[in-house]
Structure formats: C-alpha cells, structure tokens
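*Asks:* Any chance you can model this:
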Amino acid sequence: MCRFDERTFWDQVYTHCSSELLYSTRIHPLPTFSSTSCNVFIKREDESGFGISGYKKRKFASLLPFLEQNEIEEVILIGGTYSNHIVGLLQLLNEKQISYQLVLKEPSNQKIQGNAFLLALLNRSQRIHWIPPSQWHGHLEFAQALVKNSQTFLIPEGGLCREAVPGMATLWKDIRTNEEMLGKTFNHIFIDAGTGLSAAVLQAVSSQSSPTPIIHVILMAEGDNAYKQVFKKVCTWLQDLRLMYTSPVFQAQLYRPYTAASFGSVNATVRKFCQKIAKEEGVLCDPVYSAKLLMQAQRVIHSGAIDGEVLIIHSGGGTGLMGFSDQFALGLP
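*Replies:* As a prediction, this is how the structure comes out:
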C-alpha cells in the first residue's frame, strides 16, 4: 500500500490542468449566518468570471487539455437548456474550434431567457438532439450511439467524467490557501451537488488531509444512493489517474433542501431568501442551487448541530439567475 503524499499529489494534479483556467477565489465572513458557536464564511467561486462562473471552470481546467492533447475533433455534450455547464463549455469549444453535437433535455418552458438565451447565442452546431422529458432516462444510450470513433468524446451531464477530476481537485488546494491566509482550519464545509462530481471530489481529496473537515452535501437532484455511487466512481478515477492508491471511507453528511426539494423547483420561500441575502450580505444566489445550499446550511448552523469554523462554497450560477427575473418583485415602475 502506498502512503499518500500531499506534495506529490498536487504536483501530479497540476500536470493535468491548464493554468490559464485555474484561479484563486476569496472567502469572507457571513455575519447573519454566524452564531455563538460557529464562525461562518463563504467561498466566492461565483467571482471566478461571468460567462464561465463557479467551480465548473475548475472542471474545464483539466477537461479541455485532455480534449486538445488527444486531438478530439468532436464532442457529444449532454445537458439541459438552462445548464451552466453547457453555457460554460460551449464558450471554450467555440474558442478552440472543436465541433460538437448537443443532446439536450427538451424544456417545458419555451422562454428564451437566462442560460437558454446564452446557449442560443453561443451554439454554432446544426446538430441538436432534443430529448423529451419522458424519454430522458435513455439519453445516455442515445448519446453513446453518436460516438463513432476515438476522435469523438462524450461529456456526460454536469461533466461527470474522469477527465474533469484533476481540475476539480484544485478547489481543496485553494481552500487550504484560504485557511493559511486566515490562520483558521475549517471544521465543516457545505457544498451543493447536482450530478455530485464536485462534492465527491472535494470529499475524497479533503479526506487525505489532517485534520479532516466534515463535508456537508446538499443534494439538489439525486438521492443518497446515487451520490454514494458517484463518490465510489470518483475514488476509482483518482486511482486510475494515479493520484490516489486507496479509497477513503465515506463520511459526508447528506441533506435534501428543506423547501422546494424537487430539482429545478422554486417557491416564494426561495425567492425571498435570494432577495434577503443579496441585501444583507451582498451575495447573489441562483434559486436552483446556491440559494438552497445556503438556506440548508443556515438551518443546520442555527440548529446548534455543529460548531467551530464553517465554510459554505458558493458554486456560481449567476448566469442562471437571469432566467428568474420575472419571478421576483423588483419594485420597478
């Protein structure tokens, strides 16, 4: 059994990544979240850029070099019409002149707004395959049938693939840098999960450090078992990439949003929270991911269930927020 060596680990991680897509993001206190037993901070992954915002940019930092180094000529890209992932990756595929086909879940809402507008603006492919929601369960098999040769690469929904893992791992390195600058060690870290890749990578990589933080994962789309399967897959990928040699024990705390729990649903409570945190903390949240993350984290913190130094990771999603403007009472004439 090989002992984990942190310095070697990071040296190897960065060999998979493009430095131009990596970045550091700041953290700052959240006074209205803190309590007598918890000091709460937020990590501003949302400040990493406009078009490509949040820790998805980290995934692209290793995914894009893989596409270029392997001379991939065409990408099969899976997602939703309002996906932050699709909008971010299309910018890079256009920049690098890599062809693509889109396999998209047919939206129930036909409004061209938010990320749907940006997708329409960016898309240069004449090959869009619309999959009705009733048939979405077979989307992966449909997409796999489009892969004709080794110069075609399939990127699953949310970038759930081995090639995105090294870039995503850099989130933990950046958090460690934040800790050194603050002179603090975080006891608890809250992160949201769509497909679960980002949370699973953070959980796996942080488990190799001492002391090890407790990772709290708010599941926005899938259930506990699906997330645990993603975690196992991530551990296997880390071993395939020779970044780890053993699988860590699963120790994360899993939650579902306590309101509007169905993926994509938004209610008055979530909208009110978006407005409240914008005014009180200066933080812009999309109502599908980051708002529900912060709401659930605040609920756990104020319940007294945890104590110590707490970090909440804002995953980005600002472009998605634009699609909800008509649902907010803006007070405009």
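*Asks:* Can you show me the helices along this structure?
*Replies:* Secondary structure of the chain (DSSP state H): helices located at 6-15, 56-69, 84-95, 115-122, 139-144, 165-182, 197-206, 224-240, 268-281, 290-302, 318-321.
*Asks:* Worst mean pLDDT among those?
*Replies:* Comparing mean pLDDT across the helices of the chain, the weakest is helix 318-321, with a mean of 74.
*Asks:* Distance from the chain centre to that one, please.
*Replies:* 13 Å (C-alpha atoms, centre = their mean, to the nearest Å).
*Asks:* any residues touching that helix, and which ones?
*Replies:* 46, 50-51, 53, 82, 84, 87, 114-115, 118, 274, 284-289 (C-beta atoms under 8 Å, 6 or more residues apart in numbering). Quick note: C-beta positions are derived from backbone N, CA and C, even for glycine.
*Asks:* From those residues, which land in strands?
*Replies:* Here DSSP state E is the test, and the contacts of helix 318-321 give no hits in strands at all.
*Asks:* from those, which would you call buried?
*Replies:* Buried subset of the contacts of helix 318-321 (neighbour count, 16 or more other C-beta atoms under 10 Å): 46, 53, 82, 84, 87, 114-115, 118, 274, 285-289.
*Asks:* will you turn these into JSON lines that also has distance to D192?
*Replies:* Shown next, in JSON lines, are those (distance: C-beta to C-beta, whole Å):
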{"residue": "D46", "distance to D192": "12"}
{"residue": "S53", "distance to D192": "14"}
{"residue": "Y82", "distance to D192": "16"}
{"residue": "N84", "distance to D192": "12"}
{"residue": "V87", "distance to D192": "18"}
{"residue": "G114", "distance to D192": "18"}
{"residue": "N115", "distance to D192": "17"}
{"residue": "L118", "distance to D192": "21"}
{"residue": "C274", "distance to D192": "15"}
{"residue": "C285", "distance to D192": "11"}
{"residue": "D286", "distance to D192": "10"}
{"residue": "P287", "distance to D192": "12"}
{"residue": "V288", "distance to D192": "9"}
{"residue": "Y289", "distance to D192": "5"}
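*Asks:* out of the residues you listed, which one sits closest to Y227?
*Replies:* Proximity of the buried ones among the contacts of helix 318-321 to Y227 (C-beta to C-beta) peaks at Y289, which lies at 14.9 Å.
*Asks:* quick one, what contacts that closest one?
*Replies:* Contacts here follow C-beta under 8 Å, 6+ apart; on that basis Y289 touches D192, G194, M220, S315, G317, G320.
*Asks:* Need those in JSON lines (columns: neighbour count and distance to A260).
*Replies:* Output for those, formatted as JSON lines (neighbours: other C-beta atoms under 10 Å; distance: C-beta to C-beta, whole Å):
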{"residue": "D192", "neighbour count": "28", "distance to A260": "13"}
{"residue": "G194", "neighbour count": "23", "distance to A260": "15"}
{"residue": "M220", "neighbour count": "23", "distance to A260": "10"}
{"residue": "S315", "neighbour count": "26", "distance to A260": "17"}
{"residue": "G317", "neighbour count": "24", "distance to A260": "15"}
{"residue": "G320", "neighbour count": "23", "distance to A260": "15"}
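*Asks:* Lowest-confidence one in those residues?
*Replies:* Lowest confidence among the contacts of Y289: G320, with 72.
*Asks:* quick one, what contacts the closest residue to that one other than its chain neighbours?
*Replies:* Distance criterion C-beta to C-beta, 6 or more residues apart in numbering; nearest residue to G320, sequence neighbours excluded, is D286 at 4.4 Å. The contact partners of D286, by C-beta under 8 Å, 6+ apart, come to C274, G317, G318, G320, L321, F324.
*Asks:* How about K43?
*Replies:* T25, R26, I27, I175, N178, L311, I312, I313, H314.
*Asks:* Next, the second one: phi, psi?
*Replies:* Per-residue torsions, R26: phi -80, psi 170 (degrees, to the nearest 10).
*Asks:* I figured it was touching D46, is that so?
*Replies:* No. Judged on C-beta atoms under 8 Å, R26 makes no contact with D46 at a distance of 10.9 Å.
*Asks:* And stretch 121-141, how far out from the chain middle?
*Replies:* The chain centre lies 21 Å from the centre of stretch 121-141; the measure is C-alpha atoms, centre = their mean.
*Asks:* which among the contacts of K43 end up buried?
*Replies:* Of the members of these, the ones counted as buried by neighbours, 16+ other C-beta under 10 Å, are T25, I27, I175, N178, L311, I312, I313, H314.
*Asks:* now those in TSV, with distance to P156?
*Replies:* As requested, these are exported to TSV (distance: C-beta to C-beta, whole Å):
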residue	distance to P156
T25	26
I27	30
I175	26
N178	30
L311	28
I312	27
I313	22
H314	24
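*Asks:* Between these, which sits nearest T15?
*Replies:* Nearest member of the buried ones among the contacts of K43 to T15, counting by C-beta to C-beta, is I175, at 20.8 Å.
*Asks:* unless I'm mixing things up, that closest one is touching I189, no?
*Replies:* Yes. Assessed by C-beta under 8 Å, I175 is found in contact with I189 at 7.4 Å.
*Asks:* Common neighbours of the two, please.
*Replies:* Joint contacts of I175 and I189 (C-beta under 8 Å, 6+ apart) are S206, L311.
*Asks:* thinking again about what came up before, out of the helices of the chain, the one nearest Y255 is which?
*Replies:* Closest among the helices of the chain, once you apply C-beta to C-beta, is helix 290-302, at 5.5 Å.
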